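S.K.: Need coordinates for the below:
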Amino acid sequence: MIEILTSYDFLVVALGTTILAMVSAVIGCFSVYKGQSLVGDAVGHSTFPGIVLIFMVFQSRNPILLTIGAALSAGLAYETIQALVRYSKIKLDAALAIVLSGFFGLGLVLKSYIQGNPNYVNASQAGLKNYIFGLAAFMMKQDVLLIFVVAGICSLILFLFYKELVLSIFDSTYGESIGVSSRLVDRILLMMTIGLIAVGIKSVGAILISSFLIIPCVCAHQHSHRLKQVLIIAAIMAGFSAFLGTFLSSLYHGLSTGPTIILVMGTLTFLSMFFGKNSAIRKRSSLV
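M.R.: Modelled structure (predicted):
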């Protein structure tokens, strides 16, 4: 056990997943309170075609290039969702379903196309499927550095625009009256969300990355209704889950790191729904 905790590979993966989880949890809280939690899910699934297209163009699995491709694809998906809602009678939930399935399906089609294609026979394709379900065990130092840079930028943006984000979410009318543009704040929140999703899909996968944004907030909300406390609790819970999930997947070799982290998060959230200070289930049972 001690050997695992002190091994270089474990420390690299644990550091990367913990930083990613903590910052994603904080940014995710703003998305959840703004009622856009499922947008993160759709955007996460929509990163895959961008990854495959970048690979097809450059025939390289350079993490920076793939991250750029993921971010561009996610941005296009978001704009598509907004266009469908704005210029048609399609509601948001239907638009999310259309974009999620359409973009993810496109990624799978492109992935199938390059398999066995003689034009890509000399390129390493093996790692592309890891971006679907995630494979944190193969994170390298450069992956962690990329996570650290994006997480640092998101943390700085959050520090600079914290008041504007709070106003936009809880009192956008007053915010507009004092010059806070809700549209600009939405773009800032979107950029942070896309950035974290783009660097996190290798460790968690396109399918599960939205859980890093949603589950910690749900868990923290069971313990407090004050925003600052929710942000702190969500970050601590997410960091603990990431570290413990990484450790368990290293201890038991049959476990995948990303899903194990999500399982730990889900377990803590389930327990919080029963024993949390502000748990609705706990309050309801006390009235019986």
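S.K.: switch to C-alpha atoms for all contacts and neighbour counts from now on
M.R.: Will do.
S.K.: burial measure for H223, as a count.
M.R.: Residues near H223, counting by other Cα atoms under 10 Å, number 19.
S.K.: SS state for it?
M.R.: coil (DSSP: H, G, I helix; E, B strand; the rest coil).
S.K.: Now do the same contact list for it.
M.R.: V230, S272, G276, K277, N278, S279 (Cα atoms under 8 Å, 6 or more residues apart in numbering).
S.K.: How is the fifth one assigned, secondary-structure-wise?
M.R.: Under the three-state scheme (three-state DSSP), N278 adopts coil.
S.K.: count of residues packed around it?
M.R.: N278 has 17 neighbours, counted by other Cα under 10 Å.
S.K.: returning to what we had before: tell me the most packed of the contacts of H223, by neighbour count.
M.R.: In those, the most neighbours by other Cα under 10 Å go to V230, 23 neighbours.
S.K.: Name the nearest residue to that residue, ignoring sequence neighbours.
M.R.: Nearest non-adjacent residue to V230, counting by Cα to Cα, 6 or more residues apart in numbering: A220, 5.2 Å away.
S.K.: Can you mark which positions in the helix or strand hosting I27 are buried?
M.R.: Remark: I27 resides in helix 8-33, with elements defined by DSSP states H and E. Neighbour-count burial for helix 8-33, counted by 16 or more other Cα atoms under 10 Å, picks out 9-32.
S.K.: what does stretch 133-151 give?
M.R.: Under the neighbour-count criterion of 16+ other Cα under 10 Å, stretch 133-151 has 133-139, 143-144, 146-148, 150-151 buried.
S.K.: Could you measure from N62 over to A234?
M.R.: Distance of N62 to A234, given as Cα to Cα, to the nearest Å: 32 Å.
S.K.: Comparing the two, which residue is more hemmed in?
M.R.: A234 (31 against 13).
S.K.: Contact partners for that one?
M.R.: Contacts for A234 (Cα under 8 Å, 6+ apart) come out as M22, A25, V26, C29, P216, C217, C219, A220.
S.K.: distance of it from F148?
M.R.: Using Cα to Cα, A234 is found at 19 Å from F148.
S.K.: Same question for L65.
M.R.: Computed as Cα to Cα, the L65 to F148 distance reads 16 Å.
S.K.: same thing with Q115?
M.R.: Separation of Q115 from F148 (Cα to Cα): 32 Å.
S.K.: just S172 next, same as before
M.R.: The gap separating S172 from F148 is 31 Å, by Cα to Cα.
S.K.: Secondary structure element holding the closest residue to A136 other than its chain neighbours?
M.R.: Nearest residue to A136, sequence neighbours excluded (Cα to Cα, 6+ apart): S203, at 3.9 Å. Using DSSP H and E, the element containing S203 is helix 182-204.
S.K.: from the chain's centre, how far out does that helix sit?
M.R.: 8 Å (Cα atoms, centre = their mean, to the nearest Å).
S.K.: Dump that helix to CSV, keeping only the CA atoms.
M.R.: C-alpha atoms of helix 182-204 as CSV (Å, rounded to 0.1, in the frame of the first residue of the first chain):
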residue,chain,number,x,y,z
SER,A,182,-25.3,38.1,-18.6
ARG,A,183,-24.3,37.0,-22.1
LEU,A,184,-20.7,37.8,-21.4
VAL,A,185,-20.7,36.0,-18.1
ASP,A,186,-22.4,33.0,-19.8
ARG,A,187,-19.5,32.9,-22.3
ILE,A,188,-16.9,33.1,-19.6
LEU,A,189,-18.6,30.2,-17.8
LEU,A,190,-18.9,28.2,-21.0
MET,A,191,-15.2,28.8,-21.8
MET,A,192,-14.1,27.5,-18.4
THR,A,193,-16.4,24.5,-18.7
ILE,A,194,-15.2,23.6,-22.2
GLY,A,195,-11.6,24.0,-21.2
LEU,A,196,-12.0,21.6,-18.2
ILE,A,197,-13.9,19.1,-20.3
ALA,A,198,-11.3,19.2,-23.1
VAL,A,199,-8.4,18.4,-20.7
GLY,A,200,-10.4,15.9,-18.6
ILE,A,201,-11.8,13.5,-21.2
LYS,A,202,-8.6,11.5,-21.3
SER,A,203,-8.8,10.7,-17.6
VAL,A,204,-12.6,10.3,-17.3
